[in-house]
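Trainee: Have a look at this prediction, sequence included:
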Protein chains: 2
Amino acid sequence: MSETTPLPPGSTIGILGGGQLGRMLALAAYRLGMKVHVFCPDADSPAFEVTPHQTIAPYEDEAALARFAEAVDVVTYEFENVPAATAAFLAQRKPLRPGARALGVAQDRLEEKVFLTSIGVPVAAYRAVTSSTGLTSAVDALGTPAVLKTTRLGYDGKGQAVIRSPEDAVEAFQALSPKPLVLEAFVPFTREISVVAARGADGTVRAFEPAENRHVGGILRSSTVPAQISEALAWQAREIAGQILASLNYVGVLGVEFFVVEDRDLLVNEIAPRVHNSGHWTEAVCATDQFEQHIRAVVDWPLGDSRRFADVVMENLIGETTLPDQNQSGRGVRPHLYGKSEARPGRKMGHINLIRTST
Amino acid sequence: MSETTPLPPGSTIGILGGGQLGRMLALAAYRLGMKVHVFCPDADSPAFEVTPHQTIAPYEDEAALARFAEAVDVVTYEFENVPAATAAFLAQRKPLRPGARALGVAQDRLEEKVFLTSIGVPVAAYRAVTSSTGLTSAVDALGTPAVLKTTRLGYDGKGQAVIRSPEDAVEAFQALSPKPLVLEAFVPFTREISVVAARGADGTVRAFEPAENRHVGGILRSSTVPAQISEALAWQAREIAGQILASLNYVGVLGVEFFVVEDRDLLVNEIAPRVHNSGHWTEAVCATDQFEQHIRAVVDWPLGDSRRFADVVMENLIGETTLPDQNQSGRGVRPHLYGKSEARPGRKMGHINLIRTST
């Protein structure tokens, strides 16, 4: 679709995916006077609790997709694994933001690394792996430890195997094949940071400050802002995020995860074409948070002020029943629960922002 | 109804009224993982756009009220003119917060003044007016100028007539009678301030800082925090709000409007048993805003942190079409549009918080 003009309040934003990110996008859209239509196959999705406009159907259901496209003014999504055919079908009918190119790149770890390398963004050394013998030579080339990953549909540490010595290769290959795989060199990082950045339809870029992330078992546990990195490195991370956005002619919010090596070098770990868990802190201490910034980009409004006016730590609530007496009050505490009906181990049930002011 | 225990996430909050206050209460409830059911006679209400659980029916429809009560865990409201019979009907079935007593007092200017006076809270001199001759003697007693007001259903400057000289009395009486009336002495105030304060079911009180309000034509235009008053006066205002809350055995958020006389004395102008337009600034600069604080009280959770971590000015968008290029980006700007389908003169379409940080 061609460029649109700014959508007025009262327009309807179509969101693919009904999880917590879709739910929080909806709440931000409401603050701008917009309406929201959520499309998700799972009737029990948290985002369905916050809008009367709903489609419960598989992403492959073209009749449902056509009705959805008819009912909305613009389409966005909360997850990167939107099927390519779904994206293409919708993009023919209404503006799809971010576009299909960003989605394609982010859906495939190998394509993502090829793209990032092509625009000069540093990533860990990697090799495509299509066979057991191919893996052996890749392990030879990159050394151990190394990480074997499926190129598609991995998240929260799933679809990965660590190869600590060449002997691990066979088992790792058997565990993950026949899916397309990529071997990544181990990065002896000192920190993990991320930048959430937005690009408007007019090309304006605004990046939030880097957050320092702590993962446990492949799942994000906390994001702390400011990150304990130099100002120069913080700006470099924001620059890289902006470069990726521009290269993809991207519209919306993008999450970029980095490894910091020896507190001096940055390597991009992965990108996510959507609002990002490590950007939830923005909700508590920025005039415009990542959710509103995404909506602003999607409806072609000027991007908002992404500066931060307090220090903050975001902590995920994972697999916990979120009872009212747990951490949900007290000094500078701002909880956000997702309304999920069932707490399961590893499931993200909510997050808490701890605002740290000097007063 | 008796005291409840804290409602867990996933509980359903019933809200009477579908305007912007109900809508913003719903968005806050979602951040605590709650569900929301809105009851409102007007199908075109802004709050209906943010929930799938809706009842469109008159407040007198007992069958609809009974179904609504059945569907929710607790009932609250966004406006003080909930019919007493409606409140009583619902309170027999589910906890009603704030309770019927607060509603009764706040619905009637005369009863409100009698109540406030009875607990030692200063208000402007007043006289009940039931006849034209009664008005004449009230004007004699209070002097001119004075303000004649209907005791019920006034808002945004409606239902009022200024009596500048005794000769105005007849015309004012004819304009407003046969409704029950109250004459209020003119208060030569230097400022108008308000305090939004909450009381939990456990009796805890947390008050937000006073805001300094500017009205034009009886409609709030802006609230500025901090107010230009002494620290002592600010604390006195918060104390009075707390005293009112305790005296009413109140659960939820209450708005208290004050006149400041000679920058030294406080008179309560009126109270509103609900979240308040002059508390919208809390959304931008407090860990817990007035909407979340109200929901916390209503579901019997501990009240949140109501401290402020930046200066702020809230400006109402009144009767304006809220186009995306109007004021909705820029440094420290945080807009909130209400999603109303039609802009009319005097109609509150949204508000903008201007966050003022020292950085």
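Mentor: All right, it came through fine. Numbers count the residues shown, from 1 in each chain, chains lettered A, B, ... in the order given.
Trainee: contacting residues around the closest residue to chain B within the stretch 251-359 of chain A?
Mentor: The nearest approach of the stretch 251-359 of chain A to chain B comes at A:L337, 3.1 Å away (CB to the nearest CB). Any C-beta I mention is one placed from the backbone N, CA and C, and that applies to glycine too. With contact taken as CB atoms under 8 Å, 6 or more residues apart in numbering or on different chains, A:L337 is in contact with A:317, A:322, A:349-350, B:9, B:31-33.
Trainee: Which parts of the stretch 51-200 of chain A are helices?
Mentor: Ranges of helices in the stretch 51-200 of chain A, per DSSP state H, counting those that start in this stretch, are A:62-71, A:84-91, A:100-107, A:109-118, A:132-142, A:169-176.
Trainee: any low-confidence regions in chain A?
Mentor: A:1-4, A:154-157, A:321-329, A:358-359 (pLDDT under 70).
Trainee: run the last query once more with 90
Mentor: A:1-5, A:152-160, A:165-180, A:217-218, A:263, A:319-332, A:341-346, A:356-359 (pLDDT under 90).
Trainee: domain parsing for it?
Mentor: A:12-96, A:125-185, A:189-356 (automatic domain parsing).
Trainee: on that earlier part again, report the beta-bridge partner residues of the residue of the stretch 251-359 of chain A closest to chain B.
Mentor: As for beta bridges, A:L337 partners with A:G350, B:L32 under DSSP bridges.
Trainee: hmm, back to that, out of the helices of the stretch 51-200 of chain A, which comes closest to chain B?
Mentor: Chain B lies closest to helix A:62-71 among the helices of the stretch 51-200 of chain A, at 13.6 Å (CB to the nearest CB).
Trainee: is the closest one anywhere near chain B?
Mentor: No: Helix A:62-71 lies out of reach of chain B by CB under 8 Å from any CB of the partner chain, never closer than 13.6 Å.
Trainee: Show residues contacting that helix.
Mentor: So helix A:62-71 is contacted by A:12, A:14, A:37, A:39, A:53, A:55, A:57-59, A:75, A:86, A:89-90, A:93-94 (CB under 8 Å, 6+ apart).
Trainee: Apply the buried test to those and list what passes.
Mentor: Neighbour counting with 16 or more other CB atoms under 10 Å in any protein chain shown marks A:12, A:14, A:37, A:39, A:53, A:55, A:57, A:59, A:75, A:86, A:89-90, A:94 as buried within the contacts of helix A:62-71.
Trainee: can you tell me which of those residues lies nearest to chain B?
Mentor: Distances from chain B to those, taken by CB to the nearest CB, are shortest for A:H53, at 8.4 Å.
Trainee: now the spatially closest residue to the closest one that is not a sequence neighbour: how far from B:P52?
Mentor: Residue nearest to A:H53 in three dimensions, not counting chain neighbours: A:H37, with 3.9 Å by CB to CB, 6 or more residues apart in numbering or on different chains. Using CB to CB, to the nearest Å, we find A:H37 at a distance of 12 Å from B:P52.
Trainee: Overlap in contacts, those two.
Mentor: Joint contacts of A:H37 and B:P52 (CB under 8 Å, 6+ apart) are A:51, A:54.
Trainee: Tell me which stretches of the stretch 101-250 of chain A form strands.
Mentor: For the stretch 101-250 of chain A, the strands defined by DSSP state E, counting those that start in this stretch occupy A:126-129, A:146-150, A:160-163, A:181-185, A:189-199, A:205-207, A:211-216, A:219-225.
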